[in-house]
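[1] have a look at this fold, sequence not included:
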Ligand SMILES: Cc1cc2nc3c(=O)[nH]c(=O)nc-3n(C[C@H](O)[C@H](O)[C@H](O)COP(=O)(O)OP(=O)(O)OC[C@H]3O[C@@H](n4cnc5c(N)ncnc54)[C@H](O)[C@@H]3O)c2cc1C
């Protein structure tokens, strides 16, 4: 535990150039000292040995069981024992007829050609023009659409959902219609590509520039379409999207028990507002970091500010607000220190605390209101976004469905995550209903995960999340380069994987500790899945407890999904659906996002070949799955 020491205000605090000094990180660091006690050691979170043994017995190959009483945490020999066989092609493809296997082979082969992936939008456009819509649609259904999309509407997808269900694989329904609009329309509509303003405010590093857009990004709207950002027409359109998601939730409830339904927040509110709200949230956190200073190696959650010193500091900076009063009223007399979560809670009560929400503006050399750019109408629009999310969460709860909020681009994500957390506070009291998503390709992923887990502990709700590596890497990198801010993405694939496993390790520990949290390991990466199984076994987390789920996209990695399901793990396929002409951006994204993955799909292709050959030799080419 680290806490700010009570100390007299340093001399520089009285100087005229206070603000500039405050904003000089180095000086601030020397003025704020921390006392550190030993960080609590991570304990062996109440590992349930008999549970671990049972899980292991399920996973071990025959004859390797019976290691009762041995502590197998961190034991490499134990790691070797865990084996769901991902090489078993016959088991993996039991739910597929031979034509489906052939289609997978063709589609994966096509996806390995860079020029097809790079030029996919042009090729599709050309195909439509030459073949005509009808023939083109048919061709798509026989190939890409048939591989990655379940059907046109919630009725036509039912057979596929039931078939997967029969083989132990559940569904996350994902209505994937994205608006594809002409260049002319693009220019008329307001998209996510808008200016966030905020000149000269604190910490003008990558984070703030991240929210600075404008003409240049307006020019790259094509890219935004390709990565599925909804275009904002008006509030009525957002209501329409909400209705669509409700249909999806009901379909999910009707077709399976304990299903999931996925939503995108940019469909539920004005993206421009999400972007600006994101800016506000980030600035506010940055200000705390400036105040609390950044001791080397200190995690965000370990930083503390002493309230009396905060009050003194703010008064000297020119603020008249009663921070001390607000926090002590909220936390009780004993609270002498606040951390970043306490600090962030001021935003929750922003209508009443707007007087406290001040951040330094370097250019103007004074404090300025954090919410200065928010009109009452905008505050209402933000409220309506939350209300739509609320309607969807209620609908999910009523239909026995869990709501998965997808993660999107970094400049929306703080707002998306904040609104999701607000909803989790309400609906995840008894059980996890709303799931957030964390993208581990972000440098800040671990910080985000740990802060939100801590929030869930403090507020007593069930943490629930999907863990992904992240889908917008190319777009994020290009944008960071264009606007010259620090790339928010980890420098290479290895660091993203390390981050993924670090976050996953932390979440699995959290689940083992209190059995309240849930996580979906949403990855096609076999090593990540094996890592999860190993850790589950070490911690005694049983598949039947339904705390750790696995997620893959429809049409990909059946050799991972189906063996996992057969071993008793809860596995879900993201099941997109929608009319052919309207899911093209989704298909294009599938190819682009997973290009790296597709190149690595060699193993999947080999297994598909192996199974096809086996069926040919054994006279089972006309095999039809029974369910
Ligand atoms: C069920 C499910 C739900 C999903 N939901 C979302 C969502 O809500 N939001 C979202 O953004 N994505 C989502 N995705 C997509 C996901 O983020 C990945 O893009 C995709 O799954 C590939 O990652 P992987 O772990 O499966 O495979 P891998 O092949 O192991 O990883 C590929 C990923 O690694 C990262 N990477 C690759 N090269 C580099 C590099 N040079 N530097 C840094 N990182 C690199 C990228 O994130 C890339 O997508 C979802 C995926 C699944 C399976």
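    It's in. Bear in mind the structure is a predicted one, so any value in this text is a computation, not a measurement. Residues are numbered from 1 along each chain as shown.

[2] where does pLDDT dip in the stretch 451-600 of the chain?
    Low-confidence segments of the stretch 451-600 of the chain, defined by pLDDT under 70, span residues 589, 592-600.

[3] how about the residues of it near the ligand?
    Of all the residues in the stretch 451-600 of the chain, those in contact range of the ligand (Cβ under 6 Å from any ligand atom) are 468-473, 489-490, 492-493, 496, 522-525, 551-553, 574, 593-594, 596-597. Quick note: C-beta positions are derived from backbone N, CA and C, even for glycine.

[4] what about residue 368, distance to residue 407?
    Using Cβ to Cβ, to the nearest Å, one obtains 30 Å as the distance from residue 368 to residue 407.

[5] those two: which is more packed in?
    residue 407 (24 against 16; other Cβ atoms under 10 Å).

[6] name the SS class of that one, please.
    In three-state terms, and counting by DSSP: H, G, I helix; E, B strand; the rest coil, residue 407 is coil.

[7] excluding sequence neighbours, find me the nearest residue to the spatially most central residue of the chain.
    Nearest to the mean C-alpha position of the chain, counting by Cα atoms, centre = their mean, stands residue 437 at 2.3 Å. If the residues on either side of it in the chain are set aside, residue 437 comes closest to residue 407, at 3.7 Å by Cβ to Cβ, 6 or more residues apart in numbering.

[8] residue numbers of this structure in contact with the ligand?
    With the criterion set to Cβ under 6 Å from any ligand atom, the chain comes near the ligand through 406-407, 437, 439, 441, 468-473, 489-490, 492-493, 496, 522-525, 551-553, 574, 593-594, 596-597.

[9] kindly write the PyMOL command that selects the buried subset of the residues you listed.
    Entered in PyMOL, the line below selects the buried ones among those, by 16 or more other Cβ atoms under 10 Å:
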select buried, resi 406+407+437+439+441+468+469+470+471+472+473+489+490+496+522+523+524+525+551+552+553+574+593+594+597
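
[10] please narrow the residues of the chain next to the ligand to those residing in strands.
    Applying DSSP state E to the residues of the chain next to the ligand, the entries found in strands are 437, 439, 468, 522, 551-553, 574.

[11] in those residues, find the pair that's most separated.
    439 and 552 (16.8 Å; Cβ to Cβ).

[12] just the element for residue 276, please.
    Element membership for residue 276 (DSSP states H and E) is helix 271-292.

[13] report the mean confidence score over that helix.
    This predicted structure assigns helix 271-292 an average pLDDT of 86.

[14] I figured residue 371 hits residue 347, correct?
    No: taking contact to mean Cβ atoms under 8 Å, the distance of 9.0 Å between residue 371 and residue 347 leaves them out of contact.

[15] which residues do the two both contact?
    Each of 280, 357 lies in contact with both residue 371 and residue 347 under the rule Cβ atoms under 8 Å, 6 or more residues apart in numbering.

[16] follow-up on the earlier one: any idea which helix or strand comes after the helix holding residue 276?
    Next in sequence after helix 271-292, counting helices and strands by DSSP H and E, comes strand 305-306.

[17] quick one, phi/psi of the residue nearest to residue 330 when sequence neighbours are not counted?
    Nearest residue to residue 330, sequence neighbours excluded (Cβ to Cβ, 6+ apart): residue 345, at 7.3 Å. Per-residue torsions, residue 345: phi -70, psi -20 (degrees, to the nearest 10).

[18] go on, the one 4 residues further on?
    Taking degrees, to the nearest 10, you get phi -100, psi 40 for the backbone angles of residue 349.

[19] shift numbering so it begins at 35
    Let's use 35 as the start, then, which means that last one is residue 383.

[20] element containing the closest residue to the ligand within the stretch 85-234 of the chain?
    Nearest residue of the stretch 85-234 of the chain to the ligand: residue 206, at 6.5 Å (Cβ to the nearest ligand atom). Of the helices and strands defined by DSSP H and E, residue 206 is found in strand 203-209.

[21] parallel or antiparallel, which strands does that strand pair with?
    Sheet neighbours of strand 203-209, with direction, are listed as strand 294-297 (parallel), strand 605-611 (parallel) (DSSP bridges).

[22] residue 162 contacts residue 169, doesn't it?
    No: between residue 162 and residue 169 there is no contact, the gap being 9.2 Å when judged by Cβ under 8 Å.

[23] neighbour count winner among the two?
    Applying other Cβ under 10 Å to residue 162 and residue 169 shows that residue 162 carries more neighbours, namely 17 against 12.

[24] that older thread, against residue 182, how distant is the closest residue in space to the residue of the stretch 85-234 of the chain closest to the ligand that isn't next to it in sequence?
    For residue 206, ignoring the flanking residues on the chain, the nearest one in space by Cβ to Cβ, 6+ apart is residue 294 at 3.9 Å. When Cβ to Cβ is the yardstick, residue 294 and residue 182 sit 18 Å from each other.

[25] over to residue 443?
    Shown here: residue 443 relative to residue 182, a distance of 22 Å by Cβ to Cβ.

[26] neighbour count for those two, which is higher?
    Higher neighbour count among residue 443 and residue 182: residue 443, with 26 against 23, using other Cβ under 10 Å.

[27] give me the pLDDT for that one.
    In the predicted model, residue 443 carries a pLDDT score of 92.

[28] who's in contact with stretch 417-436?
    In this structure, residues lying in contact with stretch 417-436 by Cβ under 8 Å, 6+ apart are 269, 272-273, 276, 279-280, 283-284, 286-288, 291-295, 297, 299, 302-304, 307-308, 437, 439, 453-454, 456-457, 460-461, 466-469, 498.

[29] any idea which element residue 570 lies in?
    With DSSP H and E as criterion, residue 570 is part of helix 560-573.

[30] quick check, distance from that helix to the centre of its chain.
    In this view, helix 560-573 has its centroid 20 Å away from the chain centroid, taken as Cα atoms, centre = their mean, to the nearest Å.

[31] one more: stretch 434-450?
    6 Å.

[32] now do the end-to-end distance for it.
    From the first residue to the last, stretch 434-450 extends over 23 Å; the measure is Cα to Cα, to the nearest Å.

[33] cool, and stretch 139-158?
    Start-to-end span of stretch 139-158 (Cα to Cα) is 20 Å.

[34] check which residues of it are buried.
    By 16+ other Cβ under 10 Å, the buried positions in stretch 139-158 come out as 141-142, 144-145, 151, 154-155, 158.

[35] pick the one among the residues you listed closest to residue 646.
    residue 142 (13.0 Å).

[36] tell me the spacing between that closest one and residue 320.
    Look at residue 142 and residue 320: by Cβ to Cβ, they are 44 Å apart.

[37] would you mind measuring from the closest residue to residue 205 other than its chain neighbours to residue 356?
    Leaving out its chain neighbours, the residue that sits closest to residue 205 by Cβ to Cβ, 6+ apart is residue 609, at 4.5 Å. Here the criterion is Cβ to Cβ. By it, residue 609 lies 52 Å from residue 356.

[38] list the contacts of the residue of the stretch 235-384 of the chain found nearest the ligand.
    Per Cβ to the nearest ligand atom, residue 296 is where the stretch 235-384 of the chain lies closest to the ligand, at 7.3 Å. Taking Cβ under 8 Å, 6+ apart as the contact definition, residue 296 lies against 206-208, 438-440, 608.
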